[in-house]
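[1] sequence below, structure please.
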Amino acid sequence: MKSLLDTVISKTPKRTSHAQVVDQLGKAIVSGEFPVGSILPGDPELALRFRVSRTVLREAMKTLAAKGMVVPRARIGTRVTPRKDWNLFDADILTWHFACGVDEDFLYHLSEVRLAFETHAAALAARNASDAEIATMMRLAVAMGDASHTAETLAVADLKFHLAVLEASGNPFLRTVGGLIEAALVGVFKLSSPTDEKGGIDEVARNHIRIVEEIGRRDELGARQAMEYVITYGRNRIQKAFNPDKSAKN
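    Purely as a prediction, here's the structure:
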């Protein structure tokens with residue numbers, strides 16, 4: 001299964017009929033074509049629209065129901081649920097939001113979740129990471145400074161680093177938030193990239209190397225603060241992308 005970042009970069013379409021129906025229906029719900037509280041069209045209409053069997057359609061509905069996006073009602077139909085019921089940790093739902101267009105608030109909320117989880121993951125990595133894991137994180141951080149990076153390859157390198165920190169934390173629950181981190185990095189990648197600025201790649205690499213240095217010193221507070229700086233840096237890039245005039249004045 002392709003990751004969210006791979007999907008956004010390659011724009012590769014879903015392959016199976018089931019995946020295509022889930023993807024198209026999911027986007028239609030997120031975009032508001034089928035608004036919250038509405039009843040989806042019946043099986044005959046949807047089967048005709050997507051040119052699939054009713055069996056494929058029913059399986060697609062089960063998948064969307066498992067994501068919290070729809071709920072079937074006997075003799076009524078399948079209703080779109082309130083957004084608060086959607087599983088925003090789900091990679092597909094995050095992908096659909098980016099496909100339909102996200103706003104500054106959405107990306108800001110993602111960065112807040114990152115500040116809650118990743119700063120603690122960095123502190124735990126300072127406590128728990130093995131020497132081999134620290135060496136891996138340093139290698140990944142240094143690799144981010146490659147001057148030949150494109151926006152796409154830098155985004156992938158960035159993701160690998162942050163997933164490595166989650167792994168080094170030693171906490172299996174923190175490893176599961178990788179999808180959210182990936183979504184946040186996709187947001188920054190689509191809006192702007194350090195590769196667009198002179199010295200941007202070097203600055204990003206330095207900031208990430210500092211995280212590893214603090215982890216290597218077993219300094220939990222230092223690792224937490226270094227990670228907070230990196231996430232805040234990305235959040236500021238998002239704000240600048242949405243408010244270029246305001247940034248220019250400052």
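[2] below-threshold pLDDT in the protein: ranges please.
    1-14, 187, 190-192, 196, 198, 244-250 (pLDDT under 70).
[3] how's it carved up into domains?
    4-85, 102-242 (the TED database).
[4] which of those domains sits most buried?
    When those are scored by mean count of other C-beta atoms under 10 Å, the highest mean neighbour count falls to domain 102-242 (a mean of 19). Every C-beta, even on glycine, is put in place using the N, C-alpha and C of the backbone.
[5] before we move on, back to that, I'd like the domains of the chain laid out as JSON lines, including distance to Ile93.
    JSON lines is the format used below for the domains of the chain (distance: least, C-beta to C-beta, whole Å):
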{"stretch": "domain 4-85", "distance to Ile93": "6"}
{"stretch": "domain 102-242", "distance to Ile93": "9"}
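[6] where do the helices sit along this structure?
    4-10, 17-31, 43-50, 54-66, 91-100, 104-128, 131-143, 151-168, 172-175, 178-191, 200-216, 220-242, 244-249 (DSSP state H).
[7] take these and write them to a markdown table, including distance to Arg73.
    Putting the helices of the chain into a markdown table (distance: least, C-beta to C-beta, whole Å) gives the following:
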| stretch | distance to Arg73 |
| --- | --- |
| helix 4-10 | 31 |
| helix 17-31 | 16 |
| helix 43-50 | 14 |
| helix 54-66 | 11 |
| helix 91-100 | 22 |
| helix 104-128 | 29 |
| helix 131-143 | 49 |
| helix 151-168 | 39 |
| helix 172-175 | 34 |
| helix 178-191 | 30 |
| helix 200-216 | 49 |
| helix 220-242 | 39 |
| helix 244-249 | 46 |
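[8] which of the domains of the chain sits closest to Leu94?
    Of all the domains of the chain, domain 102-242 sits nearest to Leu94, with 4.2 Å by C-beta to C-beta.
[9] start to end distance for the closest one?
    Using C-alpha to C-alpha, to the nearest Å, the end-to-end distance of domain 102-242 comes to 11 Å.
[10] contacting residues for Lys62?
    Not one residue lies near Lys62 by C-beta atoms under 8 Å, 6 or more residues apart in numbering.
[11] not counting residues beside it along the chain, what's closest to Gly37?
    In space, and not counting its chain neighbours, Gly37 is closest to Val80: 6.3 Å by C-beta to C-beta, 6 or more residues apart in numbering.
[12] distance of the one you found from Met69?
    7 Å (C-beta to C-beta, to the nearest Å).
[13] what's the overlap in contacts for the two?
    With C-beta under 8 Å, 6+ apart as the test, Val80 and Met69 both reach Ile29.
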